[in-house]
Structure formats: C-alpha cells, structure tokens
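*Asks:* prediction below, plus the sequence it came from.
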Amino acid sequence: ESWSERELKQAYESASALLGSVDLEDFPRNATDLLRRETRDLIEQLYALSTQDHSCLLLEKEEARTCLRRVFRFAHELGLSYEALTLQPVVEILQDLLSSVHPEILALRSSLASLYESAGDADEAIILHEHVLTDSICVLGEDHPVTLSARNSLASSYLSVGRLTKAITHFEQVLADNLRILGEDHPQTLIARINLAGAYDSAGRSDDAISLLEDVLSNSLRVFGEDHPYTLSARNNLASAYESAGQLSAAITMQEQVLTDSIRVLGEDHPDTLIARNNLASAYESAGRTDEAITLYEQVLTDRRRVLGKDHPATLTSFHNLAGVYESVGRTDEAITLYEQVVTDRSRILGENHPQTLASRNNLAYTYLLMGRTDDAVSHIEQTLIRSTRALGEEHPLTVSARKNLEVALHVLKQRKDDVPTD
C-alpha cells in the first residue's frame with residue numbers, strides 16, 4: 001500500500017512526537033530499573049529508525065535528535081554504554097543529513113566517544129575525541145563552547161588511561177580558555193579548576209591540587225553562597241584532596257561538614273548526600289577508623305540499593321568499597337562474597353573491559369591470594385592483566401597493579417611446588 005505525501009508527513013510528525021514525548025528527565029531518579037528499561041526501549045526505537053530507509057528522515061526531526069542526546073547521557077549514567085553504542089549508525093546518518101561538523105553532530109560524536117570510554121575501549125574513545133577536537137577547532141574555532149567541551153572530554157580520556165602529561169596539558173588549556181572567555185566566576189570555570197585539580201592529584205601533585213581546590217571553594221562561597229550545590233561539591237573535592245595528601249584530620253573535619261550540610265540542604269537520599277557519606281567513610285578508613293568506615297559503607301550500600309537500585313553503577317561501587325574494607329580488617333570470607341558478586345554484576349552491566357570491572361576482578365584475585373586460593377588468584381589476575389593492557393595500556397596503574405599481583409601469585413605457586421617433597 002502506497003502512502004500519499006500528506007499521509008507520510010502526518011506519520012513522521014506522529015512518530016517524532018512519540019519520541020519527543022518520552023522525557024527521561026521526568027522519571028524519579030530513584031527509579032533506576034524503570035529508567036534502564038525506558039532507555040533500552042528508546043535505544044531500540046532509534047536503532048530501528050536507522051535500519052529502515054523510509055524512517056531515516058525522522059532523524060532530521062528535532063524531537064528525535066533531542067531523544068538521542070538524552071539517551072546517550074542516561075546510558076552513560078546508568079551503565080548502558082554497550083547498548084547505546086549500537087546507535088553509532090544513527091549518528092552516521094545524522095552526519096550525512098546535517099554534516100559531520102555541524103555543532104550538534106560534533107556534540108553527539110563526542111558523546112559517542114565517551115560511551116566507548118565507559119565501555120572500556122579507551123583507545124577508540126581517544127581517537128574519536130581527537131577527531132572531534134580537530135574538527136571543532138577547524139570549523140568553530142578555539143573559543144566555541146563545543147570546542148571547549150571537546151578538549152575537556154579528550155583530557156578526561158587521557159586521564160582515564162594514565163596519560164597524565166597530555167591530560168594536564170589539555171586541562172590547563174581548558175582552564176585558561178574558560179578564564180579568558182567566561183571569567184573567573186562562571187560555573188564552567190569552576191568545573192575546569194576541579195578537573196585540573198583531579199589530574200594534578202593523579203600525578204602526585206597534591207599541593208597544586210589543593211591550592212586549586214581551595215581557590216574553587218573560596219570563589220564558590222563568594223559567588224554562590226554556603227549552601228549552593230556547587231559549594232558543597234567544591235568542599236567535597238577539597239576534602240578528598242586532603243585525604244589523598246595524607247591530611248586526614250582536615251579531610252575528616254571537612255567531609256563531616258559536607259555530609260551535615262548535604263543532609264540539611266539536599267536531604268538524606270539525594271545522590272550527592274550518598275556520595276558525601278561514602279567519602280566520609282573513605283576518610284575514616286584512611287585514618288584507620290575502620291569500625292566507623294564499615295558502618296557508613298554499609299549504610300551507603302543499603303541507601304543506594306533503595307534509592308538508585310541494585311544495578312546502578314554507584315550501588316556497585318558501594319559493594320566494591322565495602323568488600324575492600326572487609327578485606328582490610330580480616331573479614332575475608334565476606335569480602336570474597338561481595339567481590340564475586342560485584343565482578344559478576346559489573347561484567348553484566350558495564351562489560352568485562354570496563355575499568356571498574358577490572359578493578360573489582362583485580363581486588364578479588366588479591367583476596368583469593370590472601371586466602372591461599374592461589375590457582376583462583378592466578379586465573380583472575382591473568383584475565384585482568386590481558387584486558388587491562390588492551391583497554392587501558394601498559395602503564396595504567398591498574399595494569400601495573402595486576403602485573404605485580406601476578407608476579408606475587410606465580411612466586412607463591414613456585415614456592416608451593418618447590419616445597420612438595422620428592423620420593
């Protein structure tokens with residue numbers, strides 16, 4: 001049956017309106033299972049459009065492109081990166097329709113690169129981010145917001161694989177550009193300072209990190225006030241930098257204030273309040289106050305399961321953190337149970353090559369080693385080392401840790417073999 005031009009136009013408008021009517025922003029943040037289901041449904045609908053010649057024109061509609069942007073963002077937050085990467089053909093169709101250097105397409109290409117990164121394919125992510133940055137500079141210029149965002153995303157990818165010099169160089173340029181274009185007090189400038197401080201901290205430049213974050217907190221207090229979310233975030237980041245630098249008393253005092261303020265301003269169940277409670281637990285753990293750390297980690301895990309859902313990436317992080325503190329106090333059986341669960345869940349939700357999955361598997365292997373389960377340890381460490389080398393590179397801290405753990409495990413196996421009496 002052939003459709004008239006009028007009927008086709010009506011069908012396109014109805015379909016685009018249907019896509020536009022599903023706004024993931026409208027769902028409660030604690031409805032993780034529902035959000036994951038709706039995001040998956042939208043991924044399937046958008047992918048279907050890319051496979052049907054008569055439907056491709058729908059992607060020209062603003063509603064479809066808005067839907068795609070939301071899907072990419074929520075997929076990244078909800079651990080659905082692998083599913084969202086099936087939408088690469090949609091981005092390619094839009095490139096043909098609008099041009100690969102259209103500002104909106106550049107932003108979508110950058111989002112696609114970030115999805116590769118969160119799926120554990122850092123090399124592909126960096127290649128894509130480099131292309132987006134080059135195209136943005138050529139077409140839009142150094143000072144365009146899309147260019148600034150592209151440079152920041154590339155720096156984050158470099159940081160994720162331990163290429164610290166390149167990451168710091170780009171983060172420093174992003175900060176300089178934001179200061180020049182947007183000014184000292186713009187929120188994007190504050191974020192640029194925080195990102196650069198994080199890179200400094202990763203590179204062991206804790207004094208530089210702390211100096212930057214103290215400036216951020218001072219500016220945020222002056223511009224936004226004591227209770228603004230930017231100020232709470234700035235104080236939280238500074239406290240974490242104090243912890244990294246070994247200034248544990250200052251870190252704990254500040255994290256306790258952040259948690260108190262977050263509960264008062266945001267409420268007990270706000271995701272940022274849960275982050276503040278988790279970070280205070282980390283500071284207690286670093287200071288050897290393990291009983292208090294365990295109590296808080298257990299509370300955060302309970303709250304995240306209730307508020308965010310059992311499969312949310314932040315909930316999986318709580319499983320991982322609690323397993324780590326159990327292992328540190330000798331509760332190794334409980335640690336192994338949690339690590340085994342989080343390795344299974346992270347593999348299913350984030351993928352085998354995701355840095356967080358690899359970190360959990362590496363920690364599980366180390367705990368096996370402590371328990372004398374050397375064969376199990378070697379099996380998991382070898383998997384971690386192969387995948388980490390491929391996804392993150394030879395010099396990434398996780399790859400280095402896995403390599404050291406494998407050396408220890410193989411040494412233990414050799415000793416055990418040498419100790420076997422011969423006839």
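*Replies:* Great, that's in hand.
*Asks:* in the stretch 1-150 of the chain, which ranges drop under the pLDDT threshold?
*Replies:* For the stretch 1-150 of the chain, the stretches flagged by pLDDT under 70 are 1-23, 26-32, 53-57.
*Asks:* how about the helices in it?
*Replies:* 5-21, 32-51, 62-78, 81-84, 88-98, 103-118, 122-140, 145-160 (DSSP state H, counting those that start in this stretch).
*Asks:* hmm, who's touching the longest one?
*Replies:* Going back to what we said before, that points to helix 32-51. Under the contact criterion C-beta atoms under 8 Å, 6 or more residues apart in numbering, helix 32-51 has outside partners 19, 22, 24, 27, 55-56, 58-59, 64, 67-68, 70-71, 74-75, 78, 80, 83-84, 86-87, 89-90, 93, 308-309, 311-312. In this view, the C-beta of every residue, glycine as well, is placed from N, C-alpha and C.
*Asks:* just the buried ones from those?
*Replies:* Restricting those to buried positions leaves 19, 22, 24, 55-56, 58-59, 64, 67-68, 70-71, 74-75, 78, 80, 83-84, 87, 90, 93, 308-309, 311-312, with burial counted as 16 or more other C-beta atoms under 10 Å.
*Asks:* redo the helices of the stretch 1-150 of the chain as JSON lines? Include distance to E327.
*Replies:* Compiled in JSON lines, the helices of the stretch 1-150 of the chain are given as follows (distance: least, C-beta to C-beta, whole Å):
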{"stretch": "helix 5-21", "distance to E327": "47"}
{"stretch": "helix 32-51", "distance to E327": "27"}
{"stretch": "helix 62-78", "distance to E327": "28"}
{"stretch": "helix 81-84", "distance to E327": "28"}
{"stretch": "helix 88-98", "distance to E327": "39"}
{"stretch": "helix 103-118", "distance to E327": "26"}
{"stretch": "helix 122-140", "distance to E327": "27"}
{"stretch": "helix 145-160", "distance to E327": "25"}
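*Asks:* quick one: closest of those to H170.
*Replies:* Among those, helix 145-160 comes nearest to H170, with 3.6 Å by C-beta to C-beta.
*Asks:* which strands and helices lie in contact with whichever helix or strand comes after the closest one?
*Replies:* Remark: after helix 145-160, the chain's next helix or strand is helix 164-181, criterion DSSP states H and E. Contacts defined by 3 or more C-beta pairs under 8 Å, 6 or more residues apart in numbering; DSSP states H and E place helix 164-181 against helix 145-160, helix 187-202.
*Asks:* sort out which residues of the longest helix along the chain are buried, please.
*Replies:* Once the chain is assigned using DSSP state H, the helix that runs over the most residues is helix 397-419. Buried residues in helix 397-419, counted by 16+ other C-beta under 10 Å: L398, T399, S401, A402, N405, L406, A409.
*Asks:* surely R277 meets Q299?
*Replies:* Yes: assessed by C-beta atoms under 8 Å, R277 is found in contact with Q299 at 6.6 Å.
*Asks:* higher neighbour count, those two?
*Replies:* Taking neighbours as other C-beta atoms under 10 Å, R277 and Q299 compare with R277 leading, 23 against 15.
*Asks:* need phi/psi at the spatially closest residue to the more buried one that is not a sequence neighbour.
*Replies:* In space, and not counting its chain neighbours, R277 is closest to V300: 5.1 Å by C-beta to C-beta, 6 or more residues apart in numbering. V300 adopts backbone torsions of phi -60, psi -40, taken as degrees, to the nearest 10.
*Asks:* in the chain, which residue is most central in space?
*Replies:* Residue closest to the mean C-alpha point of the chain, counted by C-alpha atoms, centre = their mean, is S118 at 6.4 Å.
*Asks:* in contact with that residue, which residues are there?
*Replies:* S118 touches H76, G79, S81, L350, H354, counting by C-beta under 8 Å, 6+ apart.
*Asks:* near the first one, how many other residues are there?
*Replies:* In terms of burial, H76 registers 18 neighbours under the definition other C-beta under 10 Å.
*Asks:* contacting residues around it?
*Replies:* Contacts for H76 were tallied using C-beta under 8 Å, 6+ apart; they are A84, S111, S114, L115, S118.
*Asks:* if I look at the closest residue to the second one other than its chain neighbours, how far off is Q95?
*Replies:* If I follow you right, that is S111. The spatial neighbour of S111 that comes closest, neighbours along the chain excluded (C-beta to C-beta, 6+ apart), is F72 at 4.1 Å. Using C-beta to C-beta, to the nearest Å, F72 is found at 15 Å from Q95.
*Asks:* which one's more surrounded, those two?
*Replies:* Between F72 and Q95, counting by other C-beta under 10 Å, F72 is the more crowded of the two (25 against 16).
*Asks:* ok, now which ones touch the more buried one?
*Replies:* Going by C-beta under 8 Å, 6+ apart, the list of residues near F72 reads A84, L87, L108, S111, L112, S114, L115.
*Asks:* swap the cut-off to 10 Å and go again
*Replies:* When contacts are counted by C-beta atoms under 10 Å, 6 or more residues apart in numbering, F72 touches 39, 43, 80-81, 84-85, 87, 91, 107-108, 110-112, 114-115.
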